[in-house]
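Q: following is a predicted model, sequence given first.
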Amino acid sequence: LSNFAERVCGCTPFWSMESYIEREIRYIQDRVGQGRAVLTVSGGVDYYAELINHNLFVLCDKYLYIYDTDGKLLDSRQRGGQVAFNIETRNIDWLKPLAGDALKGLRLPPLSATGTAQVHGDTYGLQAQVREGRGRLDLKGTVTSGGTLTYDIDAAARQVNVRHFLPKDSIGLVSAHVKARGSGTDFLSAATRLKASGQIDRLQYGYWDLSGMDFDAQASKGYATLTLNSDNDLLNASVTAGAKLARKLSDVTFSTDLRQADLHALGFVDHPLTVSMCLHADGHTNLSDRHDATIHMDDIYLQTADSLFHPTDIDVVALLRPDSLHLDMQSGDLYMVADGGTDITRLLEQLGHFRTELEHQLAERRIDQDALRQRIPQLNLYVRAGRNNTVSDILHSMGYTFDVLKVDVSCDPQSGINGGGHIYGMNTGAWQGYSVKTPAYRVLARVDWNINRDHKLNVRFNKSNRKTSSPASASRSIGSSLATAIY
């Protein structure tokens, strides 16, 4: 094109966008002078027969943009203006390919938006109402970008169906109101200020109805607080949290009055179980790889379909380091200690690899000691429990009881899994659907298993026959080397 225009036709290229902008600015300045100008714009975009219709009303101050001779913006603080808009979209999914992965998984349903937007120097304002189907979102706010960022935002959602935008997400209808005002975005800085509050009138998440929630958050002079209240059939609780924020070491305090949590309705357990408790936790963290926590739980109640349990208090101490972890828990006659030779993230990753390898080998009906041993994390676990503790009460609520439980196991990639344990007085609950003529047995077993080069497996067990009221056999023991294949 350049060859044809310049060499063949002999045209001289003198037009540029910069010269056009400069000429038009001078023209508008000469016409407007010290007055104000009104600019109206209307139009549409037709993209494969999908329309975006808009009408704009623009009120511009003099010197809306100030350019130098090259057409570049000199001082954005001189900007000023207001735009009134009324936008209606039909199908704008064509924007998704242009945005790449930024809009991946997002659906863009037909929308309508009305409101005004203002610019005055470094201050931007917006007042708008967006509608989608029966849902409505009201937005009002100002943001100042000069120096420290300041903001004042008020947003209210009414019957907004999030699934219309995120069809693969579990969030459904939302009705909520949120207000936030403050300055700064670095919450580890003492200069940052925040005051926010919100109320959730309706929130559907899958089959859950999490309506009736509100929160209040504040941050000032390096200290932040959060208060959260929930009052619905699934969760009735009050939560308070406070944190002294610093870049090197932060102190955190967390308290909750859990009046009722329906764990069955929330999907955590497959049988009716409601929990209530009071919890308090104190912690220290460097926000990187060193975390300490002390947790105390009391006033614990477990409600099943036909029983109410009141377990003893629970105390937990957790120390997480870059190369180790320590966990200590006590509750009544339950005592548990766990020590690991790596950080918690790496430990969970190693346990996941060990489980995956074990499931793979069992599916192939074989045991490869070396492959399992290589995936074993360095971990020591000791557990001792009787009948007077929280774990026993939880198992009792599920229909299981025991008299004594003990586990003492050490894991290491070099030596494998060594240790053992026992459980005495185990009762799996009433047998249902059986008559005395049905051949059925119960087995109570103690297993000592060492995954090492000898790979010894020892089992002691008692067996009882359903047809009789007494054990059919005395305690027995088996000792052998586990074969490399399971049939």
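A: Everything's here; your move.
Q: what's downstream of the top helix by length along the chain, the next helix or strand?
A: Ranked by residue count under DSSP state H, the longest helix found in the chain is helix 344-363. Moving toward the C-terminus from helix 344-363, the next helix or strand (DSSP states H and E) is helix 369-374.
Q: picking that back up, buried residues, the longest helix of the chain. List them.
A: Buried positions in helix 344-363, judged by neighbour count with 16 or more other Cβ atoms under 10 Å: 344, 347, 350, 354, 357, 361. Placement of C-beta: from N, CA and C, glycine included.
Q: pLDDT for the residues you listed - can I get that in a markdown table?
A: Below are the buried residues of helix 344-363 laid out as a markdown table (pLDDT from 0 to 100):
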| residue | pLDDT |
| --- | --- |
| 344 | 84 |
| 347 | 86 |
| 350 | 89 |
| 354 | 88 |
| 357 | 90 |
| 361 | 89 |
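Q: packing partners of the longest helix of the chain?
A: Secondary-structure packing of helix 344-363 (3 or more Cβ pairs under 8 Å, 6 or more residues apart in numbering; DSSP states H and E): helix 369-374.
Q: direction included, what does the very next helix or strand once past the helix it packs on pair against?
A: Next in sequence after helix 369-374, counting helices and strands by DSSP H and E, comes strand 379-385. Strand 379-385 has its sheet partners listed here by DSSP bridges as strand 334-340 (antiparallel), strand 404-412 (antiparallel).
Q: got the angle for the next helix or strand after strand 379-385 vs strand 379-385?
A: As assigned by DSSP H and E, the chain's next helix or strand after strand 379-385 is helix 390-397. Going by axes from the mean of the first three to the mean of the last three Cα atoms, to 10 degrees, helix 390-397 is angled at 70 degrees with respect to strand 379-385.
Q: contacts only, for the spatially closest residue to residue 235 that is not a sequence neighbour.
A: Spatial nearest neighbour of residue 235, excluding adjacent residues (Cβ to Cβ, 6 or more residues apart in numbering): residue 261 at 5.5 Å. Contacts for residue 261 (Cβ atoms under 8 Å, 6 or more residues apart in numbering) come out as 234-237, 274-276.
Q: any chance of those in CSV, with distance to residue 391 and pLDDT too?
A: Converted to CSV, the contacts of residue 261 look like this (distance: Cβ to Cβ, whole Å; pLDDT from 0 to 100):
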residue, distance to residue 391, pLDDT
234, 24, 86
235, 23, 88
236, 25, 92
237, 23, 93
274, 18, 90
275, 14, 91
276, 18, 93
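Q: can you select the buried ones from those in PyMOL?
A: A single PyMOL command is used to select the members of those judged buried by 16+ other Cβ under 10 Å:
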select buried, resi 234+235+236+237+274+275+276
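Q: give me the below-cutoff pLDDT ranges for the chain.
A: Within the chain, the stretches with pLDDT under 70 are 17-18, 36-80, 428-487.
Q: what do you get if the cut-off is 50, keeping everything else the same?
A: 45-76, 434, 451, 453, 466-487 (pLDDT under 50).
Q: residues making contact with the longest helix of the chain?
A: 320, 325, 340, 342, 367-368, 371-372, 375-377, 379, 486.
Q: and that helix, how far from the chain's centre?
A: Mean C-alpha position of helix 344-363 versus that of the full chain (Cα atoms, centre = their mean, to the nearest Å) differs by 23 Å.
Q: how about the CA coordinates for it, as CSV?
A: Only the C-alpha atoms of helix 344-363 are listed here, as CSV (Å, rounded to 0.1, in the frame of the first residue of the first chain):
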residue,chain,number,x,y,z
ILE,A,344,3.7,-29.5,56.9
THR,A,345,3.3,-28.9,53.1
ARG,A,346,6.0,-31.4,52.2
LEU,A,347,4.6,-33.9,54.8
LEU,A,348,1.1,-33.8,53.3
GLU,A,349,2.6,-34.1,49.8
GLN,A,350,4.6,-37.2,50.8
LEU,A,351,1.7,-38.9,52.5
GLY,A,352,-0.3,-38.3,49.3
HIS,A,353,2.4,-40.0,47.2
PHE,A,354,2.6,-42.9,49.6
ARG,A,355,-1.2,-43.4,49.5
THR,A,356,-1.2,-43.2,45.7
GLU,A,357,1.5,-45.8,45.4
LEU,A,358,-0.1,-48.1,48.0
GLU,A,359,-3.5,-48.0,46.2
HIS,A,360,-1.7,-48.7,42.9
GLN,A,361,0.0,-51.8,44.3
LEU,A,362,-3.1,-53.1,45.9
ALA,A,363,-5.0,-52.7,42.7
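Q: that one to strand 334-340, inter-axis angle?
A: 100 degrees.
Q: show me where the stretch 101-250 of the chain has its helices.
A: Applying DSSP state H, counting those that start in this stretch to the stretch 101-250 of the chain gives no helices.
Q: all strands of it, in order?
A: Ranges of strands in the stretch 101-250 of the chain, per DSSP state E, counting those that start in this stretch, are 112-120, 123-132, 135-144, 150-161, 171-183, 193-205, 208-209, 213-220, 223-231, 235-244, 250-262.
Q: can you list these in JSON lines and add distance to residue 7?
A: Output for these, formatted as JSON lines (distance: least, Cβ to Cβ, whole Å):
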{"stretch": "strand 112-120", "distance to residue 7": "46"}
{"stretch": "strand 123-132", "distance to residue 7": "48"}
{"stretch": "strand 135-144", "distance to residue 7": "52"}
{"stretch": "strand 150-161", "distance to residue 7": "56"}
{"stretch": "strand 171-183", "distance to residue 7": "60"}
{"stretch": "strand 193-205", "distance to residue 7": "64"}
{"stretch": "strand 208-209", "distance to residue 7": "72"}
{"stretch": "strand 213-220", "distance to residue 7": "66"}
{"stretch": "strand 223-231", "distance to residue 7": "68"}
{"stretch": "strand 235-244", "distance to residue 7": "71"}
{"stretch": "strand 250-262", "distance to residue 7": "69"}
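Q: which pair in the buried residues of helix 344-363 spans the largest distance?
A: Within the buried residues of helix 344-363, 344 and 361 form the most distant pair, 26.3 Å apart (Cβ to Cβ).
Q: for the nearest residue to residue 142 once chain neighbours are set aside, what are its contacts?
A: Nearest residue to residue 142, sequence neighbours excluded (Cβ to Cβ, 6+ apart): residue 125, at 4.6 Å. Contact partners of residue 125, counting by Cβ under 8 Å, 6+ apart, are 116-119, 141-143.
Q: can you say which of these are buried?
A: 117-119, 141-142.
Q: and these, which is closest to residue 32?
A: Nearest member of the buried ones among the contacts of residue 125 to residue 32, counting by Cβ to Cβ, is residue 119, at 18.0 Å.
Q: that closest one contacts residue 142, doesn't it?
A: No - taking contacts as Cβ atoms under 8 Å, residue 119 lies outside contact range of residue 142: 10.8 Å.
Q: okay, and the beta partners of residue 410?
A: Bridge pairing for residue 410 - DSSP bridges - gives residue 380, residue 418.
Q: report the separation between residue 328 and residue 412.
A: Between residue 328 and residue 412 the distance is 21 Å, computed by Cβ to Cβ, to the nearest Å.
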